[in-house]
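**Student:** Take this sequence and fold it.
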Amino acid sequence: MRVKPLCLFAGLLAAGLALAAPQEAAIPPAPATAPLPTSDQPSAPPAAVTTAPGAPDGAPVLTRADAEAWLDGFFPYALAAGDIAGAVVVVVKDGEVLLQKGYGHADIAKGTPVDPAATLFRPGSVSKLFTWTAVMQLVEQGKLDLDADVNQYLDFEIPARDGTPLTLRQAMTHTTGFEEQVRALITADVDEVTPLGVALKHWVPERIHVPGATPAYSNYATALAGYIVERVSGESFDDYVERHIFQPLGMAHSSFRQPLPAPLLAAMSAGYAQASDGEAKPYEFISLAPAGSLAATGSDMGRFMIAHLQDGAFGDARILSADTARQMHATGQASVGPLNRMMLGFYETSVNGHRAISHGGDTQWFHSDLQLFLDDGIGLFVSMNSAGRDGATGHIRYALSRGFADRYLPGPPAATAGVPEADAKAHAQQLAGTYTSSRRPDSNFLSLANMIGPVKVAANDDGTISVAMATTAGGAPKRWREVAPYVWQDTASTDRLAADVVDGEVLRFSMEPYAPIMVFERVAAWRGVAMPLLVASLVVLLLTVVAWPVSALVRRYYGAPYRLTGTDARAHRLVRIAALLVLLAMGAALALVVGMLSKLEMTSPDTDGLIIAMRLFATVVLPLGAAVAVWNAWQALRGRRRVLAKLWAVVLALACLFVLWIGVTHHVIGFGANY
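**Tutor:** Below you'll find the predicted structure:
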């Protein structure tokens, strides 16, 4: 899974639920003190670098010896610099495992090294590729139709959007239109894991986008496809994958089961926030299991890569027909302009002129990536067992896949004709503004995250643009230069950014590597200032609350009387109480959202009671607080208070009304804990 726990967010939920998408990174050479790698294979002796016939600029041939030497120069220091405990990497080529190797530790306390053939990792949303493979098996058998209404396969109903039903093709290309669903996605308590059907029926997310037109990554849609596999096959999802994928491929050390069977659990790598703290985290349980509950060894993942690179075949076994596999790999759903597309379950990640598909995955502690270079017969899988520091896992994945491609699969530089300087500056100004991710919660209180973390695009003086959330490994914003009308390229890589423009207005944009799974839609200018206005409103409320005891102490110190009487005095006292309650209500909502974005355990069902209480409190307090503030302002304007007192009463009323509007439009007001 990619901002994502479970490809979960990355990005996101705008910038708030960050999609842990790869970022460009420079990995410095390993120092002499870097930890030695561990492996179940003896290290290959140093070998002279050979070059492939016809390879540009003497590019080395991908051999086991060269790959091992390159990876040994990359991983030890990358893990140490990123504060990551361990990793596994697998390279396959021409139907065979070329190299599989472990680095660092699977268990720090026990000193257990990573063994690529025995140590299980959590590939996160890479799990989805098994779900999509299962779907295509049933399509091949004529039991499923990618373009049929999924309701014919379900025992509950998914509402149509604008008369358009949900289809499996939409699910596989993440164009169902579903908003983000977060509740109970990952938990450390096995008792909180609910059966797949129950989890799906608990709450159906709203379809906030036009189906088939807007990519918006969805764990819910993938889990729904897994449930359809259960119902159509007559087997549980776990049983189906074991019988029809794992067993034919000989993947004896892989399972979607929760809890993990004891023999596999004994070989499971621990997960860590950071290697330096040494604290092993509990096993992560996924209620929407088909979206991300797989545990597997690197060796087993190599078998899966070989099967897809060989159009469904592995030795004498076959999990897909060649035609079905090619359909899965080559049927693309366009995103924006010429950017990489979403295939049937895979992201398109073509690089250096080489056709490539991939999928990434993130839980809280494990971070993985799988790349297939289809025409070259090469696959690359990596998984790390720590979150690391400062987004290190995303930077490492990006540097690994891009460095691997640049070394072994180079190509001619992309044409960068550019556009006239005046046009570039004009187009940059058109694109500049505030956007929100298509992958977002929308119909529930967690939509506050969209306001907290909007996506900002800035036009630079030299005609380039910068996107605040797209940064280098050093944290600096990437700079994108226009290479064709409304198509930009990162000045330090081949990643592209493109915009959809209608009548001279930019409606949305996307950028690689996010392009296959989400776009960024322009928000109205007034929505762009909603967060500053909310902050200003909360400051007004806070000052009003603080002034209450301060003014009382000042009066006592100087022996000054409280001069208001009658209705004015009553309004003045009540509005201070109202300000305190409104501040508490909105503060609690914001604190809960920020807490849930930073600590996924807070999305557990155990938090439902707290969420319901918060929303009920806001439902009572926000309207009453606004009413009291308006009444107080009316009394102040009619009475004989000083001008500043009248002005502050009006400002306070406006602040309470704006907080009420935020509470209504972002669904803080209401009942329930679905999100």
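**Student:** For residue 373, give me its contacts.
**Tutor:** Taking C-beta atoms under 8 Å, 6 or more residues apart in numbering, we find residue 373 in contact with 354-356, 379, 405, 409. (Each C-beta comes from the backbone N, C-alpha and C, glycine too.)
**Student:** one more time with 10 Å, if that's ok
**Tutor:** By C-beta atoms under 10 Å, 6 or more residues apart in numbering, residue 373 lies in contact with 62, 93, 309, 349-352, 354-358, 379-380, 404-405, 408-409.
**Student:** all helices for the stretch 401-550 of the chain, in order.
**Tutor:** With DSSP state H, counting those that start in this stretch, the ranges of helices along the stretch 401-550 of the chain come out as 421-431, 448-452, 525-528, 530-558.
**Student:** Would you mind listing the buried residues in the third one?
**Tutor:** Taking 16 or more other C-beta atoms under 10 Å as the neighbour-count basis, helix 525-528 is seen to contain the buried residues residue 528.
**Student:** other SSEs contacting that helix?
**Tutor:** strand 433-437, helix 448-452 (3 or more C-beta pairs under 10 Å, 6 or more residues apart in numbering; DSSP states H and E).
**Student:** got those as JSON lines, with distance to residue 472 and mean pLDDT columns?
**Tutor:** Formatted as JSON lines, those follow (distance: least, C-beta to C-beta, whole Å; pLDDT from 0 to 100):
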{"stretch": "strand 433-437", "distance to residue 472": "20", "mean pLDDT": "94"}
{"stretch": "helix 448-452", "distance to residue 472": "24", "mean pLDDT": "93"}
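**Student:** I'd like these laid out as TSV, including mean neighbour count and distance to residue 212.
**Tutor:** Putting the helices and strands packed on helix 525-528 into TSV (neighbours: other C-beta atoms under 10 Å; distance: least, C-beta to C-beta, whole Å) gives the following:
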stretch	mean neighbour count	distance to residue 212
strand 433-437	23	19
helix 448-452	24	23
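**Student:** how about low-confidence regions in the stretch 51-200 of the chain?
**Tutor:** 51-57 (pLDDT under 70).
**Student:** can you do 80?
**Tutor:** Within the stretch 51-200 of the chain, the stretches with pLDDT under 80 are 51-59.
**Student:** Lowest-scoring secondary structure element of the protein by mean pLDDT?
**Tutor:** Least confident helix or strand of the chain, by mean pLDDT, DSSP states H and E, is helix 525-528 with a mean of 81.
**Student:** Tell me how far that one lies from the chain's centre.
**Tutor:** Distance of helix 525-528 from the chain centroid (C-alpha atoms, centre = their mean, to the nearest Å) equals 24 Å.
**Student:** could you dump that helix to PDB, C-alpha only?
**Tutor:** Output of helix 525-528 as PDB, limited to C-alpha atoms (Å, rounded to 0.1, in the frame of the first residue of the first chain):
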ATOM      1  CA  ALA A 525     -11.100  30.500  -4.000                       C
ATOM      2  CA  TRP A 526     -13.300  31.000  -0.900                       C
ATOM      3  CA  ARG A 527     -12.600  27.400   0.200                       C
ATOM      4  CA  GLY A 528      -8.900  28.100   0.000                       C
END
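**Student:** Go through the contacts of residue 373 and flag which are in helices.
**Tutor:** Among the contacts of residue 373, the members falling in helices (DSSP state H) are 309, 404-405, 408.
**Student:** now these as TSV including neighbour count and distance to residue 418?
**Tutor:** Converted to TSV, the ones in helices among the contacts of residue 373 look like this (neighbours: other C-beta atoms under 10 Å; distance: C-beta to C-beta, whole Å):
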residue	neighbour count	distance to residue 418
309	24	37
404	23	29
405	23	24
408	25	30
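**Student:** residues contacting the nearest residue to residue 240 once chain neighbours are set aside?
**Tutor:** For residue 240, ignoring the flanking residues on the chain, the nearest one in space by C-beta to C-beta, 6 or more residues apart in numbering is residue 233 at 5.1 Å. Residue 233 sits next to 134, 137-138, 141, 143-144, 239-240, 243-244 when contact means C-beta under 10 Å, 6+ apart.
**Student:** Select only the buried ones of those in PyMOL?
**Tutor:** Buried members of those, defined by 16+ other C-beta under 10 Å, are picked up in PyMOL with:
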select buried, resi 134+137+138+144+240+244
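**Student:** before we move on, the earlier item: can you pull the phi and psi angles for the residue nearest to residue 240?
**Tutor:** Main-chain dihedrals, residue 233, degrees, to the nearest 10: phi -80, psi -20.
**Student:** Tell me how far it lies from residue 129.
**Tutor:** Separation of residue 233 from residue 129 (C-beta to C-beta, to the nearest Å): 18 Å.
**Student:** my read: residue 552 touches residue 546, true?
**Tutor:** No: Residue 552 is beyond contact range of residue 546, at 11.4 Å (criterion: C-beta atoms under 10 Å).
**Student:** Double-check residue 106 against residue 266; I have them as touching.
**Tutor:** No: counting by C-beta under 10 Å, residue 106 does not reach residue 266; the two are 11.2 Å apart.
**Student:** okay, these two: which has more neighbours?
**Tutor:** The neighbour count for residue 106 versus residue 266, taken as other C-beta atoms under 10 Å, is higher for residue 106 (25 against 10).
**Student:** Report the secondary structure state of that one.
**Tutor:** Put simply, residue 106 is strand when judged by DSSP: H, G, I helix; E, B strand; the rest coil.
**Student:** Nearest spatial neighbour of it, chain-adjacent residues omitted?
**Tutor:** Closest to residue 106 by C-beta to C-beta, 6+ apart is residue 269, at 4.0 Å.
**Student:** Got the phi and psi for that neighbour?
**Tutor:** phi -60, psi 140.
**Student:** Would you mind measuring from it to residue 103?
**Tutor:** 12 Å.
**Student:** if I look at these two, which residues touch both of them?
**Tutor:** With C-beta under 10 Å, 6+ apart as the test, residue 269 and residue 103 both reach 85-88, 114, 384.
**Student:** which two in the residues you listed are spaced the farthest apart?
**Tutor:** 85 and 88 (11.7 Å; C-beta to C-beta).
**Student:** Now do the shared contacts for these two.
**Tutor:** Here residue 85 and residue 88 have 103-104, 106, 114, 269, 384-385 as joint contacts, going by C-beta under 10 Å, 6+ apart.
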